[in-house]
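Chemist: following is a predicted model, sequence given first.
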Amino acid sequence: MKEALSRDVDAAVRVLRTGGLVAFPTETVYGLGADACNPAAVRRIFEVKGRPPDHPLIVHFARLDNLDHWTRNVPDAAWRLAERFWPGPLTLILMRRNAPLEVTGGQETVGVRMPDHPLALALLEAFGGGVAAPSANRFGRVSPTRARHVRKELKGKVDMILDGGPCRVGVESTILCLAGSRPRLLRPGSIPLSALQEVLGEEISEPGNGDAIRAPGMLPSHYAPETPLEVWPLEHLKRRGEELARSGVKAAAILIEPPPSAVREGPNLTPFPMPVRPADYAQRLYAVLHLLDLSGFDVLLAQSPPDTEPWRAVNDRLRRASRGR
């Protein structure tokens, strides 16, 4: 098995070095990678995904000392966060040094991270450079957390897919901007805000509509399934589900492990229970959306999770996936 994986990694490195695209697993979601120093290969990522060219990518690498190569004027705060959370699901936005403008969406800042997945790290170590990668799906759609999601989404447009099994975290990395006067959260992820603030020793600003720096996952509509998704508190969801069922609309209700009587199954309404723990829910969310998208439903209804810090990333993804519905 190790020999087969080593051969796969070697083949993936050859693809990257010749300007090709490799889908690879991380602990968050599967990424669609290209040599970050090859502008033509990076532009192909945007073509394959249908991604706007001003929407920046994240540079992934395997060693902490790569931080100085890709960024400049690195503050002490960045080193402290990297030493604490890398490898891991944290992306830092810093001033760019060697990242081409094709990677940064034309900005003077760049997002960088070191993923926490053995296959991703083996690929990055063997490649020896930075790999620019967004999620390996069509732009705006549900991110892939299985290799089969990549195959379904990109339909042979990728030169190679490294299959590393299900992603452990299941939602995209936390993005923290350190390129301004104070730290700013641009995208919530699995790392709690309190843990970041503890390392920094200062308060982190919340994301806002007026953020001047663009980063992945900041658009109002993102991570969306093909099937319309609506998010409701449980009591409203029950009424909405009954209303749709009476009108003949086939709906699935994504529920947080409710009692059996919370939503009754019927010919046009199918309850779909999810874990009650936020981390477990996040790990399954995209896989479930992929599954339900292929199951012939007209509408997906999701129970809104609690408005608490542990559920922040899930709430963010559901809000964007539902386009605010």
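Modeler: Everything's here; your move. Nothing here was measured: the structure is a model prediction, and the numbers come from that model. Residues are numbered from 1 along each chain as shown.
Chemist: find the centremost residue of this structure, please.
Modeler: For the chain, Glu172 is the residue whose C-alpha lies nearest the centre (Cα atoms, centre = their mean; 2.6 Å).
Chemist: wait, what's in contact with the closest residue to that residue other than its chain neighbours?
Modeler: Spatial nearest neighbour of Glu172, excluding adjacent residues (Cβ to Cβ, 6 or more residues apart in numbering): Thr28 at 5.2 Å. Glycine gets a C-beta too; all of them are placed from N, C-alpha and C. Thr28 makes contact with Pro89, Pro115, Cys167, Val169, Gly170, Val171, Glu172, Ser173, Gly189, Ser190 under the criterion Cβ atoms under 8 Å, 6 or more residues apart in numbering.
Chemist: one more time with 7 Å
Modeler: Pro89, Cys167, Val169, Val171, Glu172, Ser173 (Cβ atoms under 7 Å, 6 or more residues apart in numbering).
Chemist: and the second one, that's in a helix?
Modeler: No: secondary structure of Cys167, determined by DSSP: H, G, I helix; E, B strand; the rest coil: coil, with no helix assignment.
Chemist: got the phi/psi numbers for the residue nearest to it when sequence neighbours are not counted?
Modeler: Once flanking residues are discounted, Cys167 sits nearest to Thr145: 4.2 Å by Cβ to Cβ, 6+ apart. The phi/psi pair for Thr145 (degrees, to the nearest 10) reads phi -120, psi 10.
Chemist: Leu121 versus Thr145, what's the distance?
Modeler: 18 Å (Cβ to Cβ, to the nearest Å).
Chemist: nearest to Thr71 among the contacts of Thr28?
Modeler: Ser173 (16.2 Å; Cβ to Cβ).
Chemist: buried residues in stretch 139-150?
Modeler: Gly140, Arg141, Val142, Ser143, Pro144, Thr145, Arg146, Ala147, His149, Val150 (16 or more other Cβ atoms under 10 Å).
Chemist: list the beta-bridge partners for Tyr59.
Modeler: Actually, residue 59 is Val. It isn't Tyr. Val59 has the following beta-bridge partners by DSSP bridges: Val112, Ala132.
Chemist: tally of neighbours for it?
Modeler: 27 (other Cβ atoms under 10 Å).
Chemist: repeat for Ser181
Modeler: Counted by other Cβ under 10 Å, the residues lying close to Ser181 total 6.
Chemist: now do it, the pLDDT please.
Modeler: What the model reports for Ser181 is a pLDDT of 84.
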